[in-house]
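> What follows is a predicted structure for the sequence shown.
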Amino acid sequence: MMVLTLTLANLSIGILVNAQPFLKKHPAINPYNYEVVKEASFSKAAVTSAHPLASMVGAAIMKDGGNAFDAAIATQFSLAVVFPGAGNIGGGGFMLARKANGELIGIDYREAAPGKATRDMYLDAQGNPITKKSLDGASASGIPGSVAGMIATHAYAKLSLAKLIEPAIELAEYGYVITAREANGLNSQKANFLKNSSAPSAFTQREWKAGDTLYQPELAATLKRIQEKGLAGFYEGETADFIVKEMQYSEGIITKEDLKNYQPKFRKPIEFDYKGHHIISFSPPSSGGIIIAQMLKMIEPFNVGNMGQNTEASVSLMIEAQRRAYADRAEHMGDPDYWKVPTKTLISDEYAKDRMKDYVPGVAGSSKITLAGQVHESEETTHFSVIDAKGNMVAVTTTLNDTYGNKTIVAGAGFLLNNEMDDFSVKPGSPNMYGALGGEANSIVPGKRMLSSMTPTLVTLNGKPYISIGTPGGTTIPNQVFEGLVNIIDHKMTLKAAIDAPKFHHQWIPDVVGVESDFPEATIEALKVKGYNIVKRGKFGRMDGVVISKDGKRTAAGDKRGDDSVAGY
Ligand code: DON
């Protein structure tokens with residue numbers, strides 16, 4: 001077991017009273033003193049998430065008789081409290097699951113464009129994008145989907161919704177000690193929080209340092225309303241009033257009707273085989289599942305294992321697959337309820353073969369030449385993975401889009417809103433925050449969901465549950481999952497090594513290869529010689545996963561890049 005101990009200055013001592021039924025029952029979960037555990041094996045069940053407390057909550061819920069769905073719900077609500085940069089109730093996400101009996105479930109709780117949204121709402125009189133409007137303040141928000149998504153997930157859970165929300169309420173009400181990373185995050189956004197929100201909030205009350213306790217009474221009250229009233233506790237009544245009032249402060253357009261009408265949607269997952277493994281991932285409005293299917297199929301004919309991990313040979317092959325798949329993303333992918341996405345063709349073996357027809361090993365391709373294929377058919381998010389004792393697997397990726405979303409805290413309700421509207425193509429040919437291009441497929445229409453890159457993914461081997469994995473990272477997400485899977489399947493790396501390995505990213509346009517700062521220099525030099533334009537970037541995402549080993553143990557791994565931490569029993 002690998003344990004990293006956080007140095008928490010000014011340790012606060014919590015008083016566990018009867019008002020804390022969850023924490024009282026689980027004294028090992030101490031919000032005022034906890035450790036980051038990066039990797040561990042458990043005999044029955046495991047959770048990996050971006051925060052130790054959220055992972056511990058998920059594991060405890062399973063120990064109390066809950067299944068992987070119960071754990072996922074409790075983890076999502078807890079992350080909304082202890083990981084406010086991306087954990088959320090004001091955003092959206094995708095829940096992908098494979099039940100132990102083989103049944104697949106995909107719940108799309110992506111945000112939707114408000115009823116008053118218009119195609120050109122983020123363009124000025126000259127037709128140029130007003131980037132600030134789709135990123136900052138209430139004007140950037142899509143209708144939040146997370147609460148509805150978790151309530152839809154609850155159909156598969158065993159414990160009451162009230163029990164699953166309780167840990168988050170206690171963490172919000174009685175506080176938890178923040179890490180250095182969180183303190184820095186909150187301090188760096190303080191001015192934006194104050195500028196974009198109609199009132200100061202729990203986040204802006206002071207300059208933070210590691211070891212301080214963050215109390216979120218307004219968020220606790222909102223969570224209690226959800227605990228008591230379910231959907232109506234968020235999408236109607238007092239919480240809805242607070243949201244709509246906040247809209248007026250910065251040109252937001254979400255109405256009470258939008259909130260009341262929001263519906264999560266069931267999506268048929270993307271399924272395909274890669275080198276003896278069965279991969280299950282999310283379908284549109286996520287582009288992730290299609291992209292990883294395309295890329296893995298494009299490289300499947302090659303012996304990537306023999307080429308070596310992160311070598312010029314394997315990386316250049318994979319970059320060329322990335323270039324081709326991301327070109328298709330820009331052209332063909334959007335909300336399937338508004339745009340006919342040619343999924344079947346895009347993920348077919350024939351199409352992958354055709355796309356790689358012009359691939360010449362060792363020669364850098366060009367995004368001027370590689371355009372989207374012709375088809376005749378139709379930096380902060382967070383990911384967590386759960387596998388329970390029965391073998392139910394859940395993978396959830398959820399987001400506010402940018403770190404701390406639109407930096408707007410709903411006054412009186414204590415939660416951050418998303419800036420997911422920026423994931424739409426605000427103008428064809430004009431890049432969004434991630435430099436991603438899009439066109440008609442991803443244009444703004446009321447009710448439509450913006451195209452996502454989030455790629456919660458599951459793998460089975462010989463018909464048995466094997467891996468739950470995913471990551472944040474904007475448009476790098478599908479590439480990271482692609483590389484993570486290749487690391488495990490082709491390069492036979494452990495889950496932890498596969499997650500921590502340096503990553504690379506090509507998204508068609510711009511025609512550059514982003515690499516992490518610890519990427520092997522020899523490979524960078526060899527790629528440059530071949531004509532690739534290499535740009536060193538910061539860290540890519542925070543990949544988390546759980547794998548079932550041959551002896552049935554659940555080995556959970558959290559990314560070295562964050563406070564990601566595992567728990568289980
Ligand atoms: O849905 C998407 O593709 C983006 N909104 C995800 C944002 C993200 O991963 C930011 N994280 N670093």
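Good, I have the coordinates. Numbers count the residues shown, from 1 in each chain.
> Please list the outside residues in contact with stretch 258-266.
By CB atoms under 8 Å, 6 or more residues apart in numbering, the list of residues contacting stretch 258-266 from outside reads 105-109, 112, 114-115, 143-145, 148-149, 151-152, 234-236, 240, 243-244, 337. Every residue, glycine included, has its C-beta placed from N, CA and C.
> So which residues of the stretch 151-300 of the chain form strands?
With DSSP state E, counting those that start in this stretch, the ranges of strands along the stretch 151-300 of the chain come out as 176-177, 213-214, 265-266, 270-274, 277-281.
> typed the wrong thing, it's the stretch 351-500 of the chain
Under DSSP E, counting those that start in this stretch, the stretch 351-500 of the chain gives strands at 381-387, 393-399, 457-461, 464-470.
> quick one: which of those strands is nearest the ligand?
Minimum separation from the ligand across the strands of the stretch 351-500 of the chain (CB to the nearest ligand atom) falls at strand 381-387, 3.1 Å.
> what about the closest one, average pLDDT?
For strand 381-387, mean pLDDT is 97.
> Give me the helices and strands touching it, please.
Judged by 3 or more CB pairs under 8 Å, 6 or more residues apart in numbering; DSSP states H and E, strand 381-387 is in contact with strand 46-49, helix 52-63, helix 68-82, strand 393-399, strand 464-470, strand 544-548.
> before we move on, the earlier item: dump the strands of the stretch 351-500 of the chain into TSV; add distance to Ser198 and mean neighbour count as well.
Listed next are those as TSV, based on distance: least, CB to CB, whole Å; neighbours: other CB atoms under 10 Å:
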stretch	distance to Ser198	mean neighbour count
strand 381-387	26	33
strand 393-399	23	31
strand 457-461	39	23
strand 464-470	34	26
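> For those strands, give me JSON lines that also has distance to the ligand.
What follows is the strands of the stretch 351-500 of the chain, written out as JSON lines (distance: least, CB to the nearest ligand atom, whole Å):
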{"stretch": "strand 381-387", "distance to the ligand": "3"}
{"stretch": "strand 393-399", "distance to the ligand": "5"}
{"stretch": "strand 457-461", "distance to the ligand": "14"}
{"stretch": "strand 464-470", "distance to the ligand": "10"}
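> Make CSV from those strands and add distance to Pro446 to it.
CSV is the format used below for the strands of the stretch 351-500 of the chain (distance: least, CB to CB, whole Å):
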stretch, distance to Pro446
strand 381-387, 24
strand 393-399, 21
strand 457-461, 31
strand 464-470, 29
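> Pick the most buried one from the strands of the stretch 151-300 of the chain.
Highest mean neighbour count of those: strand 176-177, a mean of 25 (counted as mean count of other CB atoms under 10 Å).
> Output the below-cut-off pLDDT ranges for the stretch 251-400 of the chain.
Judged by pLDDT under 70, the stretch 251-400 of the chain has its weakly predicted residues at 371-379.
> hey, where'd the helices end up in it?
256-261, 288-299, 304-307, 312-332, 343-346, 349-355 (DSSP state H, counting those that start in this stretch).
> for the ones you listed, which one sits closest to Val37?
helix 288-299 (27.3 Å; CB to CB).
> quick revisit: out of the helices and strands packed on strand 381-387, which one sits most buried?
Greatest burial across the helices and strands packed on strand 381-387, using mean count of other CB under 10 Å, falls to strand 46-49, with a mean of 35.
> That one pairs with which strands?
If you go by DSSP bridges, strand 46-49 pairs up with strand 381-387 (antiparallel), strand 565-568 (antiparallel).
> Send over it as PDB, restricted to the C-alpha atoms.
Only the C-alpha atoms of strand 46-49 are listed here, as PDB (Å, rounded to 0.1, in the frame of the first residue of the first chain):
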ATOM      1  CA  ALA A  46     -12.800  -0.200  -4.300                       C
ATOM      2  CA  VAL A  47     -13.300   3.400  -5.200                       C
ATOM      3  CA  THR A  48     -10.700   5.900  -6.700                       C
ATOM      4  CA  SER A  49     -11.600   9.600  -6.900                       C
END
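> one step back: now render the strands of the stretch 151-300 of the chain as CSV, adding distance to Ala220.
Formatted as CSV, the strands of the stretch 151-300 of the chain follow (distance: least, CB to CB, whole Å):
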stretch, distance to Ala220
strand 176-177, 12
strand 213-214, 12
strand 265-266, 30
strand 270-274, 38
strand 277-281, 35
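> nearest to Met493, of those?
strand 277-281 (14.2 Å).
> Starting from that closest one, tell me which strands it pairs with and how they run.
Applying DSSP bridges, strand 277-281 is found paired with strand 270-274 (antiparallel), strand 457-461 (antiparallel).
> What's the mean pLDDT across the last one?
I take that to be strand 457-461. Here the average pLDDT along strand 457-461 is 98.
> how far is that strand from where the chain is centred?
Put simply, strand 457-461 sits 18 Å off its chain's centre (CA atoms, centre = their mean, to the nearest Å).
> Where does pLDDT dip in this structure?
If you take pLDDT under 70 as the line, the chain has these spans: 1-18, 371-379.
> how is it carved up into domains?
Segmentation of the chain into domains, based on automatic domain parsing, reads 2-266+381-442, 270-380+453-544.
> From what I see, Ser314 and Val304 are in contact.
Yes - the criterion here is CB atoms under 8 Å, and Ser314 meets it with Val304 at 5.2 Å.
> Overlap in contacts, the two.
What both Ser314 and Val304 touch, as defined by CB under 8 Å, 6+ apart, is the set Val486.
> Closest residue of the stretch 101-250 of the chain to the ligand?
Arg110 (7.5 Å).
> cool, the stretch 201-350 of the chain as well?
Nearest to the ligand, among the residues of the stretch 201-350 of the chain, is Ser286, at 7.3 Å (CB to the nearest ligand atom).
> returning to what we had before: would you turn the strands paired with strand 46-49 into CSV with distance to Asp559?
Shown next, in CSV, are the strands paired with strand 46-49 (distance: least, CB to CB, whole Å):
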stretch, distance to Asp559
strand 381-387, 9
strand 565-568, 10
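> I'd like to know how many residues surround the residue of the stretch 101-250 of the chain closest to the ligand.
Using other CB atoms under 10 Å, Arg110 has 33 other residues around it.
> ok so, going back, quick one: the helices of the stretch 251-400 of the chain as JSON lines, columns for distance to the ligand and mean neighbour count too.
Listed next are the helices of the stretch 251-400 of the chain as JSON lines, based on distance: least, CB to the nearest ligand atom, whole Å; neighbours: other CB atoms under 10 Å:
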{"stretch": "helix 256-261", "distance to the ligand": "19", "mean neighbour count": "16"}
{"stretch": "helix 288-299", "distance to the ligand": "8", "mean neighbour count": "27"}
{"stretch": "helix 304-307", "distance to the ligand": "26", "mean neighbour count": "16"}
{"stretch": "helix 312-332", "distance to the ligand": "10", "mean neighbour count": "24"}
{"stretch": "helix 343-346", "distance to the ligand": "18", "mean neighbour count": "19"}
{"stretch": "helix 349-355", "distance to the ligand": "22", "mean neighbour count": "17"}
